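Enquirer: Got a sequence here, can you build the structure:
(chains A, B and C)
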Amino acid sequence: MLEIKGLTAEVDGKPILKGIDLVVPQGEVHAIMGPNGSGKSTLSYVLSGRDGYEATGGEALFHGQDLLAMEPEERAAAGVFLAFQYPVELPGVGNATFLRTALNAIRRAKGESELDAMQFLKLARERMKALSMNDEMLKRGVNVGFSGGEKKRNEILQMALLQPKLAILDETDSGLDIDALKIVADGVNAMRGPNFSALVITHYQRLLDYIVPDRVHVLMGGRIVRSGGPDLAKELEAQGYGAIQAAA
Amino acid sequence: MPAVTETIETVQAVTESTYKWGFETDIDMEFAPKGLSEDIVRFISAKKEEPAWLLEWRLRAFAAWQKMEEPRWPAVKYPPIDYQDAYYYAAPKQKAAPKSLDEVDPELLRTYEKLGIPLREQAILAGVEGAGETPADSRMPIAVDAVFDSVSVATTFKDRLEKDGIIFCPISEAVKTHPELVQKYLGSVVPQGDNFFAALNSAVFTDGSFVYIPKGVRCPMELSTYFRINAKSTGQFERTLIIADEGSYVSYLEGCTAPMRDENQLHAAVVELVAMDDATIKYSTVQNWYPGDAEGKGGIYNFVTKRGACRGARSKISWTQVETGSAITWKYPSCILQGEDSVGEFYSVAITNNYQQADTGTKMFHIGPRTKSTIVSKGISAGHGQNTYRGLVRIGAKATGARNFTQCDSLLIGDLCGAHTVPYIENRCLSAKVEHEATTSRIAEDQLFYCRQRGLSQEDAVGLIVNGFCREVLKELPMEFAVEAQKLLQISLEGSVG
Amino acid sequence: MTAAVQTGAAGFLARYQGLKDHLPGARLAWLAALRADAAAHVAARGFPTRRVEAWKYTDLSPVAQAGFAEPLTAVAGALTLPKPRAAARAVFVDGRFRADLSALNGLAYRVASVAQHLPELEGRLGALAPLAEHPMTALNTLIFEDGLVVDVPAGVDAGHLELLSIAVDPGRPFAFHPRHIIRLGAGAKLTLLETAMGSGAQYLHNPVFEIDLAEGAVLTHGRAQQEGEAAFHLSMIHARIAAEARYDTMAVSAGARLTRMEIHAALTGPKASCHMNSAQLAAGRALVDTTTALDHAAPDCASRQTCKTVLAGQSRGVFQGKILVRREAQKTDGYQMNQALLLSEEAEMDSKPQLEIYADDVKCSHGATIGALDADSLFYLRSRGVPVDQARSMLVQAFLHEAFEGLEDDMLREALTEAVDGWWGRHGAAS
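Expert: Numbers count the residues shown, from 1 in each chain, chains lettered A, B, ... in the order given. The predicted structure is shown next:
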């Protein structure tokens, strides 16, 4: 359960989020849609704790915990996963090493036992198979030399391994062809269940054909200006953001 | 930027005393009188019961040293060294040379145990289990020569190696048992008057390892020397000589530590390698001398001359070094590529944290045709550390078809440190090809955030990224050393900047 | 024959002693003091030997061993000048400004002879040119006689200006040391083509530039060094580049038996930038040296450098390039590439790129390659029917022309390309 109340935030001293109220109950998938510059990515960074994205008011509670007071890795351990719009390259750091280090860090934080190399490889291969990913990706440096689609799939693989309670997908659909889009959507849909919720941030309705949200929110000018069911996304697609703005 | 600032602060907070090897062994020592003179050179030679030719050799070196000046060109700063204010010989008191480990002073054995160095032959290098992704039982044993201040206190697996005709013993012993080999090769790669510190070493060297691998023999285990400076106000001047005869192979490891002291101590070693036709020598160093404290007080001055001669056709010498310690490092492991098709390699990671300074690199002299060299250098600067790569690639007119590739990367952590690259490239051969690349970067804020979003702590994230940065070098190390080196990198950065 | 001319630093000092009361500005106290200071430096250090790190690869002993006289006061006979490339042209003969040969009327900015304007250059001449580390600057300061003052007022686009230096054969070795003082006001623009040419005599051309660019000024400086084959060309540029200003220099070194073109540029304000490209060519026993030092002293500055060297015969090439990034120069973007082509078994290239970095948020890289023409490329061209000589020419010229990629000014590109191609025409076939 994610509860956001009156959240305001600044970037470089400029107010971007101007009072967000949003509740994502456990087990639900919500979509956040909005035009460029509406504050979508800022919201995802504020929730995950990136430096430079400063919450100036309001609160964000995750299963009752004050998210905004936590370090990024503590939020990750609590179960918040951000799928990056632009996944970062880590030259020389093997994908397998990275995934295992992250997985064990989170398991440690949860009081679970760490996986050794063999256990990890077994688990990783299983998850990769489910995502139609090639083993070879484990051997490469994290995101180094990956195509746009490979990077996004790698994000979904990480999600599948880390098993978060809340996934924030920041424009995960950008730059994906239709096959990659399906793989990403399948990955998210496979996670769906009573203990998983997601915030799908997107500019276009396209992704929502594959990940059908329980609720859709429209973010404009740093505020949620409308909320509705899955049909709202189709309405937006047909009429554009302008119409909403005019109505709001 | 804020994330990086935070890292630096976190790292500085844990700076205090991460040097785990800084203890001192309380043991009865015998010293030469303080200072340096012809008499001291004679004293050392007499202590070692050396033949006349070696005393003469030392005296010539001393005479040369007296006429030389300390080099001032490295990008390092330190107050003048008073060469008269140090002991040039310090050895644990013992009745006679120990015949077996049981005769070695138990205090010494405890010291090496504490350092994680196996002197019992069944032992495996401690502190590395479960680190790699390969099962631990496939690991080979390692033969160790343990040098404590001025003397070798124990050498393991000697008998087993002798079965293959391999000689692995303290150089002071080799002078007695294999004088013809020592006399033939000592100073043949690094002449007595090569440079200020090599001349000093040639005059007063005390111990070190001697290795000879006979024709066609592949050394069945890693050989290693572990150098320990223990006594106060004492310099260590070891000399290592490795000869790989035709078609042989040896992998040799070197490790070093010293107690934490406010004074600066001098370490001026010389290492000479000789590779004949088709022979390969792989020489790995994890240099972890005491780096001084967070304010730059104390630490070892590490002025070392290391050079290998690829004398034979298709011979190969590969240097790998991980330099995390020392207050000052001045070191250029080099290759003289004489034999046709011979190969020289230099892989280096150097970290400077707090007030450490390193001026290190390599020289590749391409003399023979189709000689090849590869240089990969990774410098990491943190705190007030200053890190310089200085290298020379010289291609002679007869080195037709020679090739060199050099990659120098620097990583800066914080804005009080410095990273410098000074390569010299000299090509006199039309058909040779030389390529050099250098980059400078820092740990990007988005890389740190990405790792932390996946649950890694700030320090682990920095460690992971730094290890990734050094990967090309670390993979050249024998597995046991690679694991140790990775841990060291992280510790050095905790204690310094990163 | 008169008494033998003294050689080395002593020769220049003797000349200075003899001339000092007659040198331009001799009665200006500040200038006399400056020259005396230079004399002290020249006397103390003389010509640097190869033991001096900055001169490790370039042996000045041929210069030090030669005895140079001053140029003749009047040049006899008619001069044939190359056709002008720009409407505005300043001509120097043996280092002396020749108003009669120049075309400088009706300009919206000032171009004049240094010798005639020395009183007003107090505090300016020498301000950017420290004597201590730079022996060639000290030598120039000691006995310069003339040079060009260029002042482009703020906001003025001065268009093209040609600076032509010609050395005429007086029948004995001689030396000249022009001092050029260039200042661009805020937002001003100038495109300068500097050409140096000369006869077959042995002479030393030792120009020093002091270039001062105010905020947002843009100086594009093309340089065609086409000195006579027995000449020594030792030039020095000291440049100061203020915020958002840009200094682009594109040099060709295609003459002289010994050349060193040295640049010391400082980026002193945010977002300043500097490009330093060069193509240096040598054949026979010639030596070409490009030495640069770029001082990033302010944040957000960018520098780019590409140096191409082609060596034939027994020639030697030298590249020394240093990038210094000071602590305050965060967000520096520095890139440097030097590539050398050896065309002969006896040629030698020495290269020393260097990074000295004290700021962490920077992007700096350098690369160097030295080698022969790529055999695969050569074969590819030949397999397509191109004769081997032509294939070599194509590849060498393509290699060199890369140094001028991104040069938008047609006049400069034409002049520099002609200098490169002219050299190749003279030396290429023989190599």
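Enquirer: For the rest of this, base every contact and every neighbour count on C-alpha atoms.
Expert: OK.
Enquirer: Whichever strand or helix holds residue C:262 packs against which elements?
Expert: Using DSSP states H and E, the element containing residue C:262 is strand C:258-267. Applying 3 or more C-alpha pairs under 8 Å, 6 or more residues apart in numbering or on different chains; DSSP states H and E, we find strand C:258-267 packed against strand C:232-241, strand C:287-296.
Enquirer: tell me the angle of that strand relative to strand C:287-296?
Expert: Here strand C:258-267 points in a direction 10 degrees away from that of strand C:287-296 (axes from the mean of the first three to the mean of the last three C-alpha atoms, to 10 degrees).
Enquirer: Next, the angle from strand C:258-267 to strand C:232-241.
Expert: Interaxial angle, strand C:258-267 versus strand C:232-241 (the same axes, to 10 degrees): 10 degrees.
Enquirer: which residues does the most centrally placed residue in chain B bridge with?
Expert: Nearest residue to the geometric centre of chain B (C-alpha atoms, centre = their mean): residue B:285, 4.4 Å. Under DSSP bridges, the beta-bridge partners of residue B:285 are residue B:254, residue B:321.
Enquirer: Give me the distance between it and chain A.
Expert: Separation of residue B:285 from chain A (C-alpha to the nearest C-alpha, to the nearest Å): 21 Å.
Enquirer: mind listing what that residue touches?
Expert: Listed by C-alpha atoms under 8 Å, 6 or more residues apart in numbering or on different chains, the contact partners of residue B:285 are B:253, B:254, B:255, B:320, B:321, B:322, B:323.
Enquirer: 6 Å - rerun?
Expert: Shown in contact with residue B:285 (C-alpha atoms under 6 Å, 6 or more residues apart in numbering or on different chains): B:253, B:254, B:255, B:321.
Enquirer: OK, now which residue of chain C is nearest to chain A?
Expert: residue C:363 (15.7 Å; C-alpha to the nearest C-alpha).
Enquirer: Return the residues in contact with the closest residue to that residue other than its chain neighbours.
Expert: In this structure, residue C:363 finds its nearest non-sequential neighbour in residue C:333, 4.9 Å apart by C-alpha to C-alpha, 6 or more residues apart in numbering or on different chains. Residues counted as contacts of residue C:333 (C-alpha under 6 Å, 6+ apart) are C:302, C:363, C:364.
Enquirer: how about 10 Å then?
Expert: Applying C-alpha atoms under 10 Å, 6 or more residues apart in numbering or on different chains, we find residue C:333 in contact with C:273, C:296, C:299-304, C:325, C:361-365.
Enquirer: Please, where are all the strands along the stretch 151-300 of chain B?
Expert: Assigned by DSSP state E, counting those that start in this stretch, the strands in the stretch 151-300 of chain B fall at B:151-155, B:167-170, B:209-213, B:222-228, B:239-244, B:249-257, B:264-267, B:270-275, B:280-287, B:299-310.
Enquirer: so the longest one versus strand B:249-257, what angle?
Expert: Computed with the same axes, to 10 degrees, the direction of strand B:299-310 lies at 170 degrees from that of strand B:249-257.
Enquirer: Neighbouring strands - and their directions - for strand B:299-310?
Expert: Here strand B:299-310 is paired, per DSSP bridges, with strand B:264-267 (parallel), strand B:270-275 (parallel), strand B:328-331 (parallel), strand B:334-337 (parallel).
Enquirer: re the thing from before, for the residue of chain C closest to chain A, what are its contacts?
Expert: By C-alpha under 10 Å, 6+ apart, the contact set of residue C:363 is B:439, B:440, B:441, B:442, C:302, C:330, C:331, C:332, C:333, C:334, C:335.
Enquirer: now residue B:366
Expert: Contacts of residue B:366 (C-alpha under 10 Å, 6+ apart): B:335-340, B:342-344, B:372-373, B:393-400, B:402-404, B:427, B:429, B:432.
Enquirer: From residue B:421, how far off is it?
Expert: Plainly put, residue B:366 is 21 Å away from residue B:421 if you go by C-alpha to C-alpha, to the nearest Å.
Enquirer: Double-check residue C:344 against residue C:315; I have them as touching.
Expert: Yes. Under the criterion of C-alpha atoms under 10 Å, residue C:344 makes contact with residue C:315 at 8.8 Å.
Enquirer: Those two: who's more crowded?
Expert: Between residue C:344 and residue C:315, counted using other C-alpha atoms under 10 Å in any protein chain shown, residue C:315 has the larger neighbour count: 24 against 20.
Enquirer: before we move on, the earlier item: what's the closest of the contacts of residue C:333 to residue A:112?
Expert: For the contacts of residue C:333, the minimum distance to residue A:112 (C-alpha to C-alpha) is 38.6 Å, reached by residue C:361.
Enquirer: about what we covered before: what residues sit buried inside the strand holding residue C:262?
Expert: The neighbour-count criterion (16 or more other C-alpha atoms under 10 Å in any protein chain shown) identifies C:258, C:259, C:260, C:261, C:262, C:263, C:264, C:265, C:266, C:267 as the buried residues of strand C:258-267.
Enquirer: contacts for stretch A:118-127?
Expert: A:96-97, A:99-100, A:103-104, A:114-115, A:128, A:130-131, A:133-135, A:138, A:156-161, A:187, B:133-134.
Enquirer: Can you select the buried ones from those residues in ChimeraX?
Expert: Buried residues within those, by 16+ other C-alpha under 10 Å, are selected in ChimeraX with:
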select /A:96,97,99,100,103,104,114,115,128,131,133,138,156,157,158,159,160,161,187
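Enquirer: hang on, the earlier thing: tell me which of the helices and strands packed on strand C:258-267 approaches residue B:106 most closely.
Expert: strand C:287-296 (58.4 Å).
Enquirer: Can you name the next helix or strand after the closest one?
Expert: Per DSSP H and E, the first helix or strand lying C-terminal to strand C:287-296 is strand C:302-311.
Enquirer: CA atoms only for that next one, dumped as PDB, please.
Expert: Written as PDB, here are the backbone C-alpha positions of strand C:302-311 (Å, rounded to 0.1, in the frame of the first residue of the first chain):
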ATOM      1  CA  ALA C 302      36.200  22.700 -23.600                       C
ATOM      2  CA  SER C 303      39.400  21.900 -25.500                       C
ATOM      3  CA  ARG C 304      40.000  19.800 -28.600                       C
ATOM      4  CA  GLN C 305      43.300  19.000 -30.200                       C
ATOM      5  CA  THR C 306      44.200  16.900 -33.200                       C
ATOM      6  CA  CYS C 307      47.800  16.700 -34.300                       C
ATOM      7  CA  LYS C 308      48.800  14.800 -37.400                       C
ATOM      8  CA  THR C 309      52.400  14.100 -38.200                       C
ATOM      9  CA  VAL C 310      53.800  12.700 -41.400                       C
ATOM     10  CA  LEU C 311      57.500  11.800 -41.500                       C
END
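Enquirer: Show me what that strand is packed up against.
Expert: Counting contacts by 3 or more C-alpha pairs under 10 Å, 6 or more residues apart in numbering or on different chains; DSSP states H and E, strand C:302-311 packs against strand C:246-253, strand C:273-282, strand C:287-296, strand C:316-325, strand C:333-342, strand C:348-357, strand C:363-371, helix C:388-401.
Enquirer: again, 6 Å this time
Expert: On a contact count with 3 or more C-alpha pairs under 6 Å, 6 or more residues apart in numbering or on different chains; DSSP states H and E, strand C:302-311 meets strand C:273-282, strand C:333-342.
Enquirer: Show me which of these has the highest average neighbour count.
Expert: strand C:273-282 (a mean of 26; mean count of other C-alpha atoms under 10 Å in any protein chain shown).
Enquirer: I'd like to know which elements that one is packed against.
Expert: For strand C:273-282, the packing partners by 3+ C-alpha pairs under 6 Å, 6+ apart are strand C:246-253, strand C:302-311.
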